[in-house]
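> Sequence first, then the predicted structure:
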Amino acid sequence: MSTDALRQWVADNTGLTAIWLHPNAPRPDTPFASVQVLQVARVGEPYRTPVDHQGNATVTVNRDVTVSIVVYESDDNLDPRAALERADALRDTLDLETVRETLAANGWTFRAVELLTDTPSAGQTDWEPRATFDVRFGIGREIAEELGLVETVIYEADIDDRAVTFSTDIAN
């Protein structure tokens, strides 16, 4: 799963610099877009494979990931809807087959898009135009575990008041 694929989707489809949003990181000049993973939730029970001939098993877990996208427009853009329109256009790319295929090839399965909101913010002297929406993606993760194999079995039993022990090697 490539998290850079999310940032690249935003950059490619907005024409903006796309950054991972971290509170202490410097921001680029506007306009730009930010990407932030808001939450990762487990979905259902994991799938466990039987132990293979080499003694390995895998567990496949599914997650629901909510990613927040914020588009920041330039302060000198006189259209107060510019951020909203650019974010709306980005959101619509999630309906394109090529976008879905590219994201899926990188481990991100599109599940849903949440409400697009015009979220201007008061800056030092004026309003910063921006728009926000969240996207839910499904991801899967496979975890390998080496459990080993049984090589020898030892049987112990009491038969007619006699202790009997028998061992056998298991063939691969």
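Structure's in. What do you need? Numbers count the residues shown, from 1 in each chain.

> Tell me where the chain is predicted with low confidence.
For the chain, the stretches flagged by pLDDT under 70 are 1, 23, 77-78, 122-125, 171-172.

> quick one, strands of it?
Here the chain has its strands, by DSSP state E, at 17-20, 32-42, 47-48, 56-72, 109-113, 117-118, 121-122, 127-128, 130-146, 152-159, 162-169.

> Rebuild the ones you listed as a markdown table, extending it with distance to P26 and mean neighbour count.
The C-beta positions use only the backbone N, C-alpha and C, and glycine is treated the same way. Output for the strands of the chain, formatted as a markdown table (distance: least, CB to CB, whole Å; neighbours: other CB atoms under 10 Å):
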| stretch | distance to P26 | mean neighbour count |
| --- | --- | --- |
| strand 17-20 | 9 | 18 |
| strand 32-42 | 11 | 16 |
| strand 47-48 | 43 | 12 |
| strand 56-72 | 14 | 18 |
| strand 109-113 | 29 | 14 |
| strand 117-118 | 25 | 14 |
| strand 121-122 | 17 | 9 |
| strand 127-128 | 16 | 14 |
| strand 130-146 | 17 | 16 |
| strand 152-159 | 62 | 8 |
| strand 162-169 | 65 | 9 |
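
> Now render those as JSON lines, adding distance to A5.
Output for the strands of the chain, formatted as JSON lines (distance: least, CB to CB, whole Å):
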{"stretch": "strand 17-20", "distance to A5": "11"}
{"stretch": "strand 32-42", "distance to A5": "11"}
{"stretch": "strand 47-48", "distance to A5": "24"}
{"stretch": "strand 56-72", "distance to A5": "11"}
{"stretch": "strand 109-113", "distance to A5": "12"}
{"stretch": "strand 117-118", "distance to A5": "24"}
{"stretch": "strand 121-122", "distance to A5": "28"}
{"stretch": "strand 127-128", "distance to A5": "28"}
{"stretch": "strand 130-146", "distance to A5": "10"}
{"stretch": "strand 152-159", "distance to A5": "48"}
{"stretch": "strand 162-169", "distance to A5": "49"}
